[in-house]
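Undergrad: I would like to see how this sequence folds:
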Amino acid sequence: MKYKVIFSCLAFLFFSAFTLKEKPVTIFLIGDSTMADRSTASGSPERGWGQMLPCFLNGLIRVENHAACGRSSLSFIREGRWQAVLDRLQAGDYVIIQFGHNDEKTDTALHTVPGGSFDENLRRFVRETREKGAYPVLMNSIVRRNYPPTPETPHQYIYEKEGNTLVDTHGEYLLSPRRIAHEMDVPFVDMAKLTHDQVAEMGPELSKKLFMWILPGRYPSLPQGKVDNTHLNIWGSKVFAAIAAKALSQKVPRLSKYIRYIDPQTVQDTETTCFGQSTGTVIVNGIPWF
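TA: You can find the predicted model right below:
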């Protein structure tokens, strides 16, 4: 009888070694519309870069995109969106934090102050992520396509005539994530600089292909066309997701095993899906990213 018990235990352990699976890891994304999943129901080509991040992952890690249009770090907390993430967050998961576009707005439901309330919200995201045994990653905002007639021209969303110099619009809101990352020893991805460099390299005309510069009649959902220098189209979101994936593989080495390297140039900007199983070096405008 004793030998039967021992044999049963050994058999259980043997088969368990082959049946137990490692807990799947999830990347949670929190941020605004530039990161968020956008509806494809209306045929609009607008996408957030976080929506395309899975295109650059190998399927062994999941993405939950909780970024939402029009939200700041303040409203994301007040509306219970952050609590919804915490309720799902497990030890070993990751939280990528990117706010700023709407924190800048004067609306009291959105506005935060760099060096004050904005920093405090970022600290809260980091602290509460770690309390769950998960890993925070801080990013600053992606660049806005802003080519004013002269570098000194006050920012407008659209100019009658554009210049040749890409000018930042986010100011000190870009500094807070870097500051909190240093203060709390958190990986930091300077998406502002990385995307600024990309847009500046492409220049004022070619960079329109990344953003929601839509000709009239091209999409039934936008019969009059659109000019939007903040939000990305399908191809632009893939290019920025490629930039983010490369940076994550460098700044968070534990994530590098999940990254796959795809060339956004191989897919037309009208394609609404990822890249299938193709692989290769990411080359954007002649620039090798990997």
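
Undergrad: for the protein, which residue is closest to the average position?
TA: Nearest residue to the geometric centre of the chain (Cα atoms, centre = their mean): G50, 4.0 Å.

Undergrad: just checking, that residue touches A241?
TA: Yes - here G50 reaches A241: they are 7.4 Å apart, a contact under Cβ atoms under 8 Å. In this view, the C-beta of every residue, glycine as well, is placed from N, C-alpha and C.

Undergrad: dump the residue contacts of P151.
TA: Taking Cβ atoms under 8 Å, 6 or more residues apart in numbering, we find P151 in contact with 163, 165, 167.

Undergrad: likewise for D228?
TA: 46, 157, 211-213.

Undergrad: can you name the two of these that sit furthest apart?
TA: E46 and Y157 (15.4 Å; Cβ to Cβ).

Undergrad: so for those two, which residue has more residues nearby?
TA: E46 (26 against 12; other Cβ atoms under 10 Å).

Undergrad: not counting its neighbours along the chain, what's nearest the more buried one?
TA: R38 (4.9 Å; Cβ to Cβ, 6 or more residues apart in numbering).

Undergrad: before we move on, the earlier item: go through the contacts of D228 and name the one nearest H196.
TA: F211 (13.5 Å).

Undergrad: the closest residue to the closest one other than its chain neighbours and D103, how far apart?
TA: Closest residue to F211 apart from its sequence neighbours, by Cβ to Cβ, 6+ apart: R145 at 5.1 Å. Relative to D103, R145 is positioned 20 Å away (Cβ to Cβ, to the nearest Å).

Undergrad: residue contacts, H66?
TA: Taking Cβ under 8 Å, 6+ apart as the test, what H66 contacts is 28-30, 81, 84-85.

Undergrad: my bad, should have said P149
TA: Counted by Cβ under 8 Å, 6+ apart, P149 has contacts 159, 161-163.

Undergrad: confirm for me that K251 is in contact with V189.
TA: Yes - between K251 and V189 there is a contact at 5.5 Å, judged by Cβ under 8 Å.

Undergrad: which one of these two is surrounded by more residues?
TA: Between K251 and V189, counted using other Cβ under 10 Å, the more crowded position is V189 (24 against 18).

Undergrad: quick one: contacts for the more buried one?
TA: Counting by Cβ under 8 Å, 6+ apart, the residues that V189 touches are 137-139, 244, 247-248, 251.

Undergrad: these in strands, which ones?
TA: Applying DSSP state E to these, the entries found in strands are 137-139.

Undergrad: closest one of those to L232?
TA: Among the ones in strands among the contacts of V189, and counting by Cβ to Cβ, the member closest to L232 is M139, at 15.0 Å.

Undergrad: please list all residues in contact with the closest one.
TA: 31, 96-98, 177, 188-191, 244.

Undergrad: what about E152, how many residues nearby?
TA: E152 - counted by other Cβ under 10 Å - has 7 other residues nearby.

Undergrad: for it, give me phi and psi.
TA: Backbone torsions of E152, given as degrees, to the nearest 10, read phi -90, psi -10.

Undergrad: quickly note the distance from it to Q83.
TA: Applying Cβ to Cβ to E152 and Q83 gives a distance of 44 Å.
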